[in-house]
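Visitor: sequence? don't have it. structure:
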């Protein structure tokens, strides 16, 4: 057990180090601006005095390391600073949107993970058959589709032609859960189609890999049923790679929401970020980028740790 | 993008057998004839797109952003058009007009030019940066390798689209900054692959022999290592191109890529998106054009990987 604790601790330390360096990059990005935030904010109407006052107010007169410490301290307390566009607190802007984004990604995960696992196991069982080949072509294609293409096809069919779902996902803070899930179903389906292909391909590959090993052949020579072989013998050893793929795709979901949110005008973090990039509202973009990057890094780290923990070879001391 | 890692890992395996010698055109054609249907389909698609991109001005009577009729005209509307020499003729607008009354078909043809051209240039820059870095890291080793690899690790820890959004906010949205930002972010993947496959070649005897005869760094990288890592790099070029193409299309769709009035498939989807709520499939045309090209390239790369990695299933 000692070994595994050490490995996990190493991964966590590495993840924290990466988080720290990424936060440095995001914070330093603003300094690469031609001019500075205050000039950006006041534009043509800037005078030397107002610039001076503004710099003092947001702390631009301090040295870079001090400013970084302030910024990081603020983020840890949930204070991201003030938006350039409308002067509101960024934490206020982000607040409910962050929850919406996680809700959407979570909904997509609930649909896509079981679906991908089932499809992957079926493809592995009936490999090289018609089903497998069909699935292969469909997944290879859907990996190469842009997200907005899938989104608009779904809108055309499910919402315009058949009228099953609304094409805009205007959920608010007080929307009840059932209605919220109904309105978010179309964006969630789009995300599902984007990630299912990759997840099921990996599941299929890892199961096929296992089915080729001698102990599975032994089991089938003993006369076991196919389902028993898969569920009792193959699956326990396949968990590690499958869990890894699932978590990696969750990380992808968190980032993939950006385009989908814009298509469906879903009030999430991605839409806010794109909006702020258009307005060049740097503090908001900075805040969104740090949240996305942190989630992504933490999920990747979790995938690493889970693949260590679920590896049966590491669980037994030598 | 985790699937990119997976594909990169697949391409890295392709270096294992010695690369096939250069063969004549006839052998290439024979290999082509034996290619699976999906690969042939992909090749036809690619050739068609390149043709359209090159000959766009010849294929349409209108200019790139010329307004020819009212907004959102239906498919098959006929208009009178006077060309530069003063001749007037009736032209049928096959796909109608867009949100500003420009001919949709013309925009699609010019869009092929701009969107594919920019994605191609970006991929080339990414390969130049990543390839040179990767081969150098593998050949020189030591501190160069350590520093380059750690920088790449950090860049890859941030999701590419988010990083691109952050950088575009800082540098502003122009074609130049778009190309450079995407190229730098994408060169990290090329670096990883180039370094991994070069490492396998660097330890071989003929490289050692070249070193002992006193050849310089440029000879060793260009004449000894590069020819031996070409197949996986070519396959990776196809995959990278798809990825860059999709990223640029997504950014344009978000309104942060190519700026109007340049015809570009991503922004064309966005500009005409309202039509979809009336059941009109016009906005799906540019989106479908993007999807078809990436599918085609993917099919060809799939086949190429299969051939060069020594997995022959036709026997």
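Guide: That came through fine. In this text, all values refer to a predicted model and were calculated from it rather than measured experimentally. Residues are numbered from 1 along each chain as shown, chains lettered A, B, ... in the order given.
Visitor: contacts, neighbours, all on C-alpha from now
Guide: Will do.
Visitor: helices or strands next to the strand or helix carrying residue A:188 in the packing?
Guide: Here residue A:188, judged by DSSP states H and E, is contained in helix A:185-211. Here helix A:185-211 touches helix A:90-125, helix A:130-144, helix A:147-154, helix A:235-263, going by 3 or more CA pairs under 8 Å, 6 or more residues apart in numbering or on different chains; DSSP states H and E.
Visitor: what's the first helix or strand after that helix?
Guide: Using DSSP H and E, the helix or strand that follows helix A:185-211 in sequence is helix A:214-221.
Visitor: outside of that next one, which residues touch it?
Guide: A:210, A:211, A:226, A:229, A:233, A:234 (CA atoms under 8 Å, 6 or more residues apart in numbering or on different chains).
Visitor: neighbours of the residue of chain B found nearest chain A, how many?
Guide: Here the residue of chain B nearest chain A is residue B:291; by CA to the nearest CA that distance is 4.8 Å. By other CA atoms under 10 Å in any protein chain shown, 22 other residues sit near residue B:291.
Visitor: so it sits against residue A:143, correct?
Guide: No: applying CA atoms under 8 Å as the test, residue B:291 and residue A:143 come out as separate, 9.6 Å apart.
Visitor: which non-adjacent residue is nearest residue B:96?
Guide: Once flanking residues are discounted, residue B:96 sits nearest to residue B:75: 4.2 Å by CA to CA, 6 or more residues apart in numbering or on different chains.
Visitor: now do the SS call for residue A:265.
Guide: Classification of residue A:265 by DSSP: H, G, I helix; E, B strand; the rest coil places it in coil.
Visitor: now do it against chain B, distance only.
Guide: Residue A:265 sits 12 Å away from chain B, taking CA to the nearest CA, to the nearest Å as the criterion.
Visitor: since we're on that residue, how many residues are nearby?
Guide: 16.
Visitor: try residue B:203
Guide: 12.
Visitor: so can I have JSON lines of the helices and strands packed on helix A:185-211 showing distance to residue B:276, mean pLDDT and mean neighbour count?
Guide: Converted to JSON lines, the helices and strands packed on helix A:185-211 look like this (distance: least, CA to CA, whole Å; pLDDT from 0 to 100; neighbours: other CA atoms under 10 Å in any protein chain shown):
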{"stretch": "helix A:90-125", "distance to residue B:276": "23", "mean pLDDT": "86", "mean neighbour count": "19"}
{"stretch": "helix A:130-144", "distance to residue B:276": "21", "mean pLDDT": "79", "mean neighbour count": "16"}
{"stretch": "helix A:147-154", "distance to residue B:276": "7", "mean pLDDT": "86", "mean neighbour count": "23"}
{"stretch": "helix A:235-263", "distance to residue B:276": "12", "mean pLDDT": "81", "mean neighbour count": "22"}
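Visitor: which stretch among those comes nearest residue B:156?
Guide: Residue B:156 sits nearest to helix A:235-263 of all the helices and strands packed on helix A:185-211, at 13.1 Å, using CA to CA.
Visitor: which helices and strands sit right next to the closest one?
Guide: Using 3+ CA pairs under 8 Å, 6+ apart: helix A:235-263 touches helix A:90-125, helix A:147-154, helix A:185-211, helix A:269-279, helix A:282-309, helix B:2-13.
Visitor: for residue 261, which non-adjacent residue is closest in space?
Guide: Going with chain A. Closest to residue A:261 by CA to CA, 6+ apart is residue A:271, at 5.7 Å.
Visitor: meant chain B, my bad for not saying
Guide: Closest residue to residue B:261 apart from its sequence neighbours, by CA to CA, 6+ apart: residue B:65 at 6.4 Å.
Visitor: can you tell me the residue of chain A closest to chain B?
Guide: Nearest to chain B in chain A, going by CA to the nearest CA, is residue A:145, at a distance of 4.8 Å.
Visitor: and that residue, its phi and psi?
Guide: phi -80, psi 140 (degrees, to the nearest 10).
Visitor: how much space between it and residue A:138?
Guide: 11 Å (CA to CA, to the nearest Å).
Visitor: now swap in residue B:58 and tell me
Guide: Residue B:58 is 36 Å from residue A:138, by CA to CA.
Visitor: just residue B:198 next, same as before
Guide: Relative to residue A:138, and taking CA to CA, residue B:198 is found at 34 Å.
Visitor: low pLDDT regions in chain B?
Guide: B:1-24, B:83-84, B:86, B:309-315 (pLDDT under 70).
Visitor: chain A contacts on that one?
Guide: B:1-3, B:154, B:157-159, B:161-163, B:165-172, B:242, B:246, B:249-250, B:254-256, B:276-279, B:281, B:284, B:287-288, B:290-291, B:294-295, B:298 (CA under 8 Å from any CA of the partner chain).
Visitor: now, those residues that are in strands?
Guide: The strands, defined by DSSP state E, take in nothing from these.
Visitor: which of those residues fall in helices?
Guide: Taking DSSP state H as the definition of helices, those contribute B:2-3, B:154, B:157, B:161-163, B:165-171, B:242, B:246, B:249-250, B:284, B:287-288, B:290-291, B:294-295, B:298.
Visitor: can you tell me which of these are buried?
Guide: Taking 16 or more other CA atoms under 10 Å in any protein chain shown as the criterion, what is buried in those is B:3, B:154, B:157, B:161-163, B:165-171, B:242, B:246, B:249-250, B:284, B:287-288, B:290-291, B:294-295, B:298.
Visitor: my guess is the residue of chain A closest to chain B contacts residue B:286. True?
Guide: No: at 11.9 Å, residue A:145 does not count as touching residue B:286 under the criterion of CA under 8 Å.
Visitor: ok, residue B:265 to residue B:291 distance?
Guide: 11 Å.
Visitor: what about the stretch 151-300 of chain A, any weak spots by pLDDT?
Guide: For the stretch 151-300 of chain A, applying pLDDT under 70 flags the ranges A:173.
Visitor: can you rerun that using 90?
Guide: A:151-220, A:223-300 (pLDDT under 90).
Visitor: could you find the closest non-adjacent residue to the residue nearest the centre of chain B?
Guide: Centroid check for chain B by CA atoms, centre = their mean gives residue B:241 as the closest residue, at 2.2 Å. Using CA to CA, 6+ apart and skipping residues adjacent in sequence, the residue nearest residue B:241 is residue B:123, 5.7 Å away.
Visitor: the one you found belongs to a helix, doesn't it?
Guide: Yes: Residue B:123 forms part of a helix when assessed by three-state DSSP.
Visitor: that one touches residue B:239, doesn't it?
Guide: No: Residue B:123 is beyond contact range of residue B:239, at 9.9 Å (criterion: CA under 8 Å).
Visitor: comparing those two, which shows the higher neighbour count?
Guide: Neighbours were tallied for residue B:123 and for residue B:239 using other CA under 10 Å; the higher tally belongs to residue B:123 (28 against 24).
Visitor: in contact with the more buried one, which residues?
Guide: B:183, B:186, B:237, B:240, B:241, B:244 are the contacts of residue B:123 under CA under 8 Å, 6+ apart.
Visitor: just the buried ones from those, in ChimeraX syntax?
Guide: Filtering these down to the buried ones (16+ other CA under 10 Å) takes a single ChimeraX command:
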select /B:183,186,237,240,241,244
